[in-house]
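Visitor: coords please:
(4 chains)
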4 protein chains.
Amino acid sequence: MPGSIFGSAFKITTWGESHGRAIGVVIDGCPAGLPVSEKDLQRQLDRRRPGSSEFASRRGEIDKAEIMSGVFNGLTSGTPICVVIFNGDARSRDYEKIKDAFRPSHADYGYFSKYGFRDYRGGGRSSGRETAGRVAAGAVAKLMLEKLDITVNAYVVSIGSAEISRDNFNIDDAAKNPLAMPDMDAYERAAALVRGAMSKGDSVGGVVECVITGVPPGLGEPVFDKLDAVIAHAVMSVGAVKGVEFGVGFGAAKKTGLEHNDQLASADGQIKKLSNNAGGVTGGLSDGSDIVFRAAVKPTPSISPPQKTVNESGENIEIKIEGRHDPVIAPRAAVVVESMAALAVADAVLRNASATMNNLTKLYNQKGGS
Amino acid sequence: MPGSIFGSAFKITTWGESHGRAIGVVIDGCPAGLPVSEKDLQRQLDRRRPGSSEFASRRGEIDKAEIMSGVFNGLTSGTPICVVIFNGDARSRDYEKIKDAFRPSHADYGYFSKYGFRDYRGGGRSSGRETAGRVAAGAVAKLMLEKLDITVNAYVVSIGSAEISRDNFNIDDAAKNPLAMPDMDAYERAAALVRGAMSKGDSVGGVVECVITGVPPGLGEPVFDKLDAVIAHAVMSVGAVKGVEFGVGFGAAKKTGLEHNDQLASADGQIKKLSNNAGGVTGGLSDGSDIVFRAAVKPTPSISPPQKTVNESGENIEIKIEGRHDPVIAPRAAVVVESMAALAVADAVLRNASATMNNLTKLYNQKGGS
Amino acid sequence: MPGSIFGSAFKITTWGESHGRAIGVVIDGCPAGLPVSEKDLQRQLDRRRPGSSEFASRRGEIDKAEIMSGVFNGLTSGTPICVVIFNGDARSRDYEKIKDAFRPSHADYGYFSKYGFRDYRGGGRSSGRETAGRVAAGAVAKLMLEKLDITVNAYVVSIGSAEISRDNFNIDDAAKNPLAMPDMDAYERAAALVRGAMSKGDSVGGVVECVITGVPPGLGEPVFDKLDAVIAHAVMSVGAVKGVEFGVGFGAAKKTGLEHNDQLASADGQIKKLSNNAGGVTGGLSDGSDIVFRAAVKPTPSISPPQKTVNESGENIEIKIEGRHDPVIAPRAAVVVESMAALAVADAVLRNASATMNNLTKLYNQKGGS
Amino acid sequence: MPGSIFGSAFKITTWGESHGRAIGVVIDGCPAGLPVSEKDLQRQLDRRRPGSSEFASRRGEIDKAEIMSGVFNGLTSGTPICVVIFNGDARSRDYEKIKDAFRPSHADYGYFSKYGFRDYRGGGRSSGRETAGRVAAGAVAKLMLEKLDITVNAYVVSIGSAEISRDNFNIDDAAKNPLAMPDMDAYERAAALVRGAMSKGDSVGGVVECVITGVPPGLGEPVFDKLDAVIAHAVMSVGAVKGVEFGVGFGAAKKTGLEHNDQLASADGQIKKLSNNAGGVTGGLSDGSDIVFRAAVKPTPSISPPQKTVNESGENIEIKIEGRHDPVIAPRAAVVVESMAALAVADAVLRNASATMNNLTKLYNQKGGS
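Guide: Predicted structure coming up:
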């Protein structure tokens, strides 16, 4: 059974391999009447584009999103939106040399074990390139959420030992440096650290944080499809992510109930939590506070120092991964994490539309009355 | 759209409220021919039963699992297995006093916002009691996995500041103490810490770890249904869990690629990773190593000290939650985390059955040949 | 992969075998706030109850529906509704004699081929008894639809060669005779025909028609989940149904476009079709007219004359099916067909709730404003 | 909630509008290792191509299938297969004149009611053109089934009053005439009938029959996803289909049990039914006989005689649909019905792979042993 479809109501299917003819995504379930253009998608795609900084690999692709269906006269028509991104600069020959080797900490061995063979060119389906489809779809989800005054923003809070300071936090700064850090001082430290790793052909890990504002209380479905569970699924499905935590996260394990509980107060007809240790999701439903989560992103596994590994024939070999690879994934992963979070929340919004008879009766009457 | 169904091929649906007539689960998709008895389920259910230690609430339920369907002559028949657990000791009157208050860090406010009203008795559907259905289903999943030599074990590695030492690690110890810790020294420290919290009517958090052995490489579906993504979904759907990480998890963010990569070696026709920083899942597919993940469990939100909150009329009030509640959730959550992990892996096994034409042709021929 | 779940938004899972401890259904996705009682379910269940006429088998069950969850203070709470019907009068010994024989035109041989063994008692899971769960769930769907002024009614239009006359059609008559025919003359002819078959231990087939009124235009999802496709799935999943047609159905194949097309006219701000050859579904979406479809129901396969068959050992044998069986399925199938149609339409209504940004913005604003 | 995805294990998503940039399909779940080429797809697509006979509209498209992903070195790789067909000859101006009119017996009014606006160019998403994606995916499903010795063939058995004779039945003839009829005499009569309708700008209906051979007993999932229910869903989702029946179908309603039952016999270790009134599906599972079903196809709704209808402003108008349209849909629908049936059976095969522990243990052992 396949696994390239995400979402229950706002469903996306990504397709495509790193070095095939094209990659893309089909969005099925976006409501009709949303203004969407290729430019909207391109803006987000440009944030994950390789070759845009000294810290990114130089595959010269422009990742041009072409909308093939589902948009008519500038508005979504309620039908599937197919976005295609043709693969331009696909130098498969770089991979010929290592084509039968299992690159350490890549999906190569798993794919080979599962399917009996694999597309060895640039990781094939397991390539980070697949995420371009997610970002295109996430851009549509973000447009939908904006109409409901929900915003989703992800940025990098640490790279290796270089962490941002909450005192210096400035969300606008994240767009001003190639490591997507909302603290220019931390960026400088992180940049030095990344350059150091690059000089050895090595790489570094990092942590992405994502904040979602404007979510009303009550989103998410009780029990298995809790809002945080679905977001965790979405974000952990990004290849390099190894951990996800909400609010104080693993810190909650060290607190007492009295320290951790978010007490409530009402003022001007608005109910607010007095703290946000929960990260905006309590008991699996949004609680009216900002949703805040963090994702641990592993260091790029493609590095140049020699490593022990095995080839498809089962022989022990040594591998040196050549070519230029990103020395750090986290900054480019940020926009992917943001996209996945937007898709999860958009899905929760649509799923919530039929939660009560009250909603249903109103919707139905407005329709019947027209 | 509802959210009480988990799984694609090994599907479960839990139902029931804390103080309704019964709770239960329906398993749809368990293969035919697996020996299953009520005793098998009971063994796991007894591990999460309240009232079994000084550290657990005293709701006197025996959580007796009754199999209503799907098992014939001791074997699963391929049809849905319905398990019912009748609610015995349901003292709804305890909740009358606080019935219109939103308990801090409970799902009360979210449910009320979503549905316009809620079953206030013991949390209703959001009660931890719902997890009994998961444990019953997880017991069946574990039986299925055992036939394939896959084991799943969860235990507590820390409670507040009391952490186990890897040097003292003894998995058998986890069954010998009521805090499910695989280190008797750490247990003593944790027990003191929990007693301290209890004396103030407060509670403490903890971390559950889960190890899955015997999983062959290649389980999990590429892209969105990566094995770690599905396990994260499963585990984060346990109400009190606030974070999930695989292998070195958030530690990966601090490592370089060379430190973090798991190199490979072949010996005696077996391919093995030389380290397991990945926690047994690489690029979303199992990689042949033990799968290891941790879940952060928040402190019990039901505590006796006075807390600020709001009632259904929007008035600011003070709440004191009376009655006896678990001072720590992690030990009872361990069996639930273990159950959810088993369900996720069982699902991955069934989904993998049709991954290749090679598999399919063999299966089909053996059938056709009969 | 299992098949006991129906619906995308209004999802039901039936479980249980004919001679197990109980059968039942879990409804996941019914909106919160709908008044539902056990009496409402019982009313529909009584319509399919065996033992209620000279034309039905005499299994003395009362099919008492017990609601275990999901209803609080008389209203659905948005959580799964589990309905249990305990199996009272289950005489498994009747089946001992033929337990290893494949009854002709029953599912016995298929189940045995699929699973390697089967619950031979009364058909096990393939028994018509499974449909009691569908009827209980359908009763809830009908209550939901009634709030939106949608009604669903099924009745028998022919049994063998005895057909109703459209001139004599009186829907109220269907409740007044045990063959559920809306024409008392046709009933008399059909009753004679059924008695004739009974005297030989034989059985007869029939046709059920279903009319759904009050459906606004635009329900159904384009492409694969067209409203008629989903209803056809629902209705064909009733064991004895061998064909489904909408409007003039197979008659459409004999018409020209000019004869078959339903032209439109507007009057008093209402758009109406001038004919209803389409049966209320055009291009897969409801078109504002009554939805009308018919289902062919095969004669009961359990008959007493000797038949050739094979047993589990592959030996040719002769079988005589003893005991009392319904001489005609169609009248009892009518309420099942009605239930499945109600479930399909309820699902379509919920799925439609998120079709447009216009709907979504209104819903969301009303929520945000509270 | 969207409806452009079909299948549980062999899942397809079609996308695209008649006059957009392209249409296509994504197949997620095709097992790895199946030889597939663009030529294989083209062969099937050519069967539904417009402009290939005097009886088809002359839209000059070549419907060239381009595989964008999921096939590596001529074999499916287990990842999603995206097929794109660019829209060449799309004369949207033909539709300008009638763009705000609801064409009788088209989906126009339903789409407008559902979404508030619609892509009026050639029916947009509701165009028969969407089915090209189904045919491309069906071609892959047919290749998979061929490896398991399952064949799927559909042809036309009647057009208006011109029916084939079973005595003249020759499946090869169906490929030799543009009406896809397996009886050249019937073809001549049908051709005359179609020419007569064309001369008046009118159209005619027909019946498609489909035969599936080589299906072993036990395919299909009990209860809701019975094999016939899923095929009915698949086939009824073809826009022009108004009825589906298996085996003797509606004829079953006129038979007695003794006439209708398919008795069984064993010979040479093979169990066979002595008749096939069931059409190869008994109790929802395949029974080892050929699967045989028929679909009623309505006459083309686009006809030139003046018709009454309403426009988007609610005004009564008269419409004359110009341009050239197919005078009969059934022949081109045959390959679509065949494709949908192949997709449904392929899905059932994959779903069946995990039906028993016996299968699972064998699969797993063979994997573990490698």
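
Visitor: what score does residue A:93 have for pLDDT?
Guide: For residue A:93, the model assigns a pLDDT of 67.

Visitor: list the buried ones in stretch A:307-316?
Guide: A:307, A:309-311 (16 or more other Cβ atoms under 10 Å in any protein chain shown). All C-beta atoms are positioned from the backbone trio N, CA, C, and that covers glycine.

Visitor: can you add pLDDT and secondary structure and give those residues back as TSV?
Guide: Formatted as TSV, the buried residues of stretch A:307-316 follow (pLDDT from 0 to 100; DSSP: H, G, I helix; E, B strand; the rest coil):
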residue	pLDDT	secondary structure
A:307	97	strand
A:309	97	strand
A:310	97	strand
A:311	96	strand
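
Visitor: ok, these vs chain C, which is closest?
Guide: residue A:310 (34.0 Å; Cβ to the nearest Cβ).

Visitor: ok, the closest one - contacts?
Guide: A:101-102, A:109, A:316-317, B:264-266, B:271 (Cβ atoms under 8 Å, 6 or more residues apart in numbering or on different chains).

Visitor: kindly report the same for residue A:224.
Guide: B:3-6, B:14, B:233-234, B:237.

Visitor: return only those of those found close to chain A.
Guide: B:3-6, B:14, B:233-234, B:237 (Cβ under 8 Å from any Cβ of the partner chain).

Visitor: next step: those restricted to helices.
Guide: Among the ones next to chain A among the contacts of residue A:224, the residues falling in helices (DSSP state H) are B:233-234.

Visitor: are any of the ones next to chain A among the contacts of residue A:224 buried, and if so which?
Guide: Buried, going by 16+ other Cβ under 10 Å: B:3-6, B:14, B:233-234, B:237, out of the ones next to chain A among the contacts of residue A:224.

Visitor: ok, and the closest non-adjacent residue to residue A:54?
Guide: Closest residue in space to residue A:54, ignoring its immediate chain neighbours: residue A:178 at 7.0 Å, by Cβ to Cβ, 6 or more residues apart in numbering or on different chains.

Visitor: how close does that neighbour sit to chain C?
Guide: Residue A:178 sits 35 Å away from chain C, taking Cβ to the nearest Cβ, to the nearest Å as the criterion.

Visitor: now that residue, what's its secondary structure?
Guide: coil (DSSP: H, G, I helix; E, B strand; the rest coil).

Visitor: that one against residue A:53, yeah?
Guide: Yes - with contact defined as Cβ atoms under 8 Å, residue A:178 reaches residue A:53; the gap is 3.4 Å.

Visitor: which among the ones next to chain A among the contacts of residue A:224 gets closest to chain A?
Guide: Closest to chain A out of the ones next to chain A among the contacts of residue A:224 is residue B:3 (2.6 Å), distances taken as Cβ to the nearest Cβ.

Visitor: that closest one: what's it in contact with?
Guide: So residue B:3 contacts A:220-226, A:351, C:28 (Cβ under 8 Å, 6+ apart).

Visitor: next, count neighbours for the residue nearest to it when sequence neighbours are not counted.
Guide: Nearest residue to residue B:3, sequence neighbours excluded (Cβ to Cβ, 6+ apart): residue A:221, at 2.6 Å. The number of residues packed near residue A:221 is 28, by other Cβ atoms under 10 Å in any protein chain shown.

Visitor: how about the one 5 residues further on?
Guide: The number of residues packed near residue A:226 is 28, by other Cβ under 10 Å.

Visitor: verify the stated contact: it with residue B:237.
Guide: Yes - counting by Cβ under 8 Å, residue A:226 does reach residue B:237; the two are 5.2 Å apart.

Visitor: who touches both of those two?
Guide: Counting by Cβ under 8 Å, 6+ apart, the residues touching both residue A:226 and residue B:237 are residue A:284.

Visitor: tell me which helix or strand residue A:138 sits in.
Guide: Element membership for residue A:138, per DSSP states H and E: helix A:131-147.

Visitor: quick one: buried residues of that helix?
Guide: Here helix A:131-147 shows A:131-145 as buried, counting by 16+ other Cβ under 10 Å.

Visitor: do it and chain B meet at all?
Guide: No - judged by Cβ under 8 Å from any Cβ, helix A:131-147 stays clear of chain B, getting no closer than 8.9 Å.

Visitor: give me the angle between the helix ranked longest in chain A and helix A:131-147.
Guide: Once chain A is assigned using DSSP H, the helix that runs over the most residues is helix A:330-352. Comparing the axes of helix A:330-352 and helix A:131-147 via axes from the mean of the first three to the mean of the last three Cα atoms, to 10 degrees yields an angle of 50 degrees.

Visitor: helix A:330-352 near chain C at all?
Guide: Yes - Helix A:330-352 is in contact with chain C by Cβ under 8 Å from any Cβ, via A:349-351.

Visitor: which other helices and strands does that helix contact?
Guide: For helix A:330-352, the contact count by 3 or more Cβ pairs under 8 Å, 6 or more residues apart in numbering or on different chains; DSSP states H and E identifies helix A:38-48, helix A:131-147, strand A:151-159, strand A:206-213, helix A:227-236, strand A:291-297, helix C:357-368 as packing neighbours.

Visitor: the same query, at a cut-off of 6 Å, please.
Guide: Using 3 or more Cβ pairs under 6 Å, 6 or more residues apart in numbering or on different chains; DSSP states H and E, the elements in contact with helix A:330-352 are helix A:38-48, helix A:131-147, strand A:151-159, strand A:206-213, helix A:227-236, strand A:291-297.

Visitor: farthest-apart pair in the buried ones among the ones next to chain A among the contacts of residue A:224, please.
Guide: B:14 and B:233 (14.9 Å; Cβ to Cβ).

Visitor: run through chain A and note the low-pLDDT ranges.
Guide: For chain A, the stretches with pLDDT under 70 are A:50-52, A:58-61, A:89-93, A:366-370.
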